[in-house]
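> Only the shape, not the letters, is given here:
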């Protein structure tokens, strides 16, 4: 293993340059952005795959989706097969004036590389390409079979991944899935994610009148749509921070026993946490006090108001607003049925409209939560590999975000284990401006991958 | 009087043409609109004044304000002097696509004239000019002294009227003020307004974080600014529709005795009212159930959310919103101190911010309510004149809107009576698109003015 590890050390600066080049491609998958950069980033990925010696490298197309990039190396007879998942698309860059260096001109400052997509998820794709390269260029072979799947629409919800899976199932068949797109609990602290929240969202639209009317002439008996909307949204949570929707927690798996113990031993520093989220000095943590902060993020439902359409404050006149709408989301957790949760949310928003206003609720997403028992050969192997790579005991963590396809993808192959590892950290600002990758952890992640491939997964 | 009344009949179609011409001038006084049309409408007004024989006609300037137009006829020795107030500025036209005919190309459809400013308040100005003309062209004199004041910034709050009053007090000195800018309770039903609500408003701004963060990764313990804002706004009213601000009603004059009796005998038809405000079919009237609808509009405080700044629904992503703000207003009523009410509103919005969020409250307007006891010579005279003009018993009504200068203007001349009459009706859509004037009531209003001038005000 020594020479393979040395290969990583020796070539690491080149890997950084390659990532820099990869991340100059503005492969934004959101509607309204051009499709060409996604084709370019797919081609870049495929070229890199071929360069390092992967086989059957191809851009596979599903109508309506950016290209999926696949490639494999399947010559480790008798060894298991890993499905290495990452994505080559990125979030929109956000507000240009907020970036210290341009979003698509990655810049290294100190030990971090700043740019859109560097950590989410181009470093995730390149991590395994570097690790595979290290094996093939030193040993001429891998101790394990690998199949790469680098998709191009993760940031918009992997809409076509199900169809892709049905169509190209044979190209993905594996014994273990490795998804390199999650976060570490802290810089330098290797973390294996074993639970994800799901998501339901809906748009609620309120109309009280067919046109705005003068707030003096009519204010009192004529209700404004914003006040009605305000009352509807205020019902969503109890003063204790619980979701107030009846039976909403039905089926939810309680956190208990060993899992709860594990969560309690994770390092947590409230001041640090508040700094990480950019809290104003006076802010107190919200949510249900009887649960720890990690439980609130990973194991409890949480509602948010994402946006409201209403007259702009600067343009208001003394009018009773006739129409308004809002988008709300609730993160859901393991055991809850997404479709049922969405129906409950919608029914709750539509029920008993204040003042008899007209309320229309438009159901939105209903994404699966996911949870595994992180024990067994594959998880043990991953924990050992992470420990060797990072030189530190890894932790088992949850993630409050959603990766809706983890559940169907693992189920498609008979419920194979899914190893969710990643390179994000509390300071990486994924999705925000000044996204960054902590380079020392990227290197450690590559080393952990080397160890992982050498593990016995049986 | 017969020949004077006949003059009105004979020339009414010309008056309609003149109003049509007057209302083609887009004299919008809002910020961002050009100043020239306001000068043009002031000049149009002055030319008309001179034409009919008024004297000392002048455009008077206060820096920063559109021209004030004054003119008088003061030859009725021993008779009282009326100050005839109206305004030549108009509201912005609103959404062009909502107008059936262009806002500034008035069109007669049936018995109504449609166009911006026709009823608010160019018909109010021309009403008295027509009545004065009728006297001067038939009798060669008026039975009363008149001073006209036609201002150009009523729609933006008459900001400079106080200064104007101090500077040109001598030009306005009068025994009775007649303000022709209010509404009739119904088409054909002459109404004298004896109470107005005041207004306080404020902007409340909430910040929880210094940047938006991912709602999955942090949702639960990290509160979004929109949810905090929503909770603050939800506190403003009780479930019974009362303003929840402590001591907010301090000083408020209760509605009792004769006034309450009068309010109870006013015609009210809930279905008609709902139609007038353009209510959706399912709407129920809001506000305090123990008060009649007229009391709720004229005699009770009422809150409204006027606008909210937040991410647009179509552009939301799964982010915890870091900042949001809203503008709220509360109509206040007679006896309440506007400045105190504003302070109470601001203190209430700022108090105990949910989750310790940063809340900044920016105080806005603090406009006077107004109320008189509508008895005594001037009010009796007005009621008699309205009855003769409209051929129907007039009603004493309130107005839920605000005319902040009524109080200081009447006080400046030792508390002279103020006769608030007008031409608006429930269908006129003043401030909205398709504003219109009901022409038969305009004619009746002119006749009432003829009778009013002939009254004995002592």
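Now that the structure is in, tell me what you want to look at. Computed from a predicted structure; not experimentally measured.

> what about residue A:43, neighbour count?
15 (other C-beta atoms under 10 Å in any protein chain shown). (Each C-beta comes from the backbone N, C-alpha and C, glycine too.)

> Which of the three states applies to it?
helix (DSSP: H, G, I helix; E, B strand; the rest coil).

> pLDDT score for it?
As predicted, residue A:43 sits at a pLDDT of 98.

> Could you do residue A:99 as well?
For residue A:99, the model assigns a pLDDT of 95.

> For it, which non-adjacent residue is spatially closest?
Once flanking residues are discounted, residue A:99 sits nearest to residue A:433: 5.1 Å by C-beta to C-beta, 6 or more residues apart in numbering or on different chains.

> how's chain A carved up into domains?
With domains defined by automatic domain parsing, chain A comprises A:2-196+A:369-453, A:198-252+A:301-366.

> what about the last one, average pLDDT?
Yep, that's domain A:198-252+A:301-366 we're talking about. Across domain A:198-252+A:301-366, the average pLDDT comes to 96.

> got the end-to-end distance for that domain?
7 Å (C-alpha to C-alpha, to the nearest Å).

> Would you pull up how far that domain lies from the middle of the chain?
The chain centre lies 26 Å from the centre of domain A:198-252+A:301-366; the measure is C-alpha atoms, centre = their mean, to the nearest Å.

> try stretch A:196-212
24 Å.

> Next: stretch A:352-372.
22 Å.

> and residue A:171, what helix or strand is that in?
If you go by DSSP states H and E, residue A:171 is part of helix A:169-172.

> and what of residue A:134?
Per DSSP H and E: helix A:123-138 holds residue A:134.

> C-terminal to that helix, what's the next element?
For helix A:123-138, the succeeding helix or strand toward the C-terminus, using DSSP H and E, is strand A:145-151.

> pLDDT averaged over that following strand, what's the number?
98.

> C-terminal to that strand, what's the next element?
Next in sequence after strand A:145-151, counting helices and strands by DSSP H and E, comes helix A:161-167.

> Would you mind listing the buried residues in the helix holding residue A:134?
Within helix A:123-138, the residues scored as buried using 16 or more other C-beta atoms under 10 Å in any protein chain shown are A:123-136, A:138.

> if we take those residues, which one ends up nearest to chain B?
Chain B has its nearest neighbour among these in residue A:124, at 16.0 Å by C-beta to the nearest C-beta.

> got the contact list for the closest residue in space to residue A:52 that isn't next to it in sequence?
Excluding its sequence neighbours, the residue lying closest to residue A:52 (C-beta to C-beta, 6+ apart) is residue A:133, at 3.9 Å. The contact partners of residue A:133, by C-beta atoms under 8 Å, 6 or more residues apart in numbering or on different chains, come to A:7, A:11, A:52-53.

> And what about residue A:373, helix, strand or coil?
Put simply, residue A:373 is coil when judged by three-state DSSP.

> and the gap between it and chain B?
Distance, residue A:373 to chain B, by C-beta to the nearest C-beta, to the nearest Å: 22 Å.

> For the closest residue to that residue other than its chain neighbours, which three-state class applies?
Using C-beta to C-beta, 6+ apart and skipping the chain neighbours, the partner closest in space to residue A:373 is residue A:194 (7.7 Å). Assigned by three-state DSSP, the conformation of residue A:194 is strand.

> Give me the local confidence score for residue A:194.
97.

> distance of it from chain B?
16 Å.

> for residue A:244, same thing?
In terms of C-beta to the nearest C-beta, residue A:244 sits 13 Å off from chain B.

> for the closest residue to that residue other than its chain neighbours, phi and psi?
The spatial neighbour of residue A:244 that comes closest, neighbours along the chain excluded (C-beta to C-beta, 6+ apart), is residue A:238 at 5.0 Å. Main-chain torsions, residue A:238, degrees, to the nearest 10: phi -80, psi 160.

> neighbours around residue A:238, how many?
For residue A:238, the count of nearby residues is 10 (other C-beta under 10 Å).

> Quick check: most distant residue from the centroid of chain A.
residue A:217 (50.0 Å; C-alpha atoms, centre = their mean).
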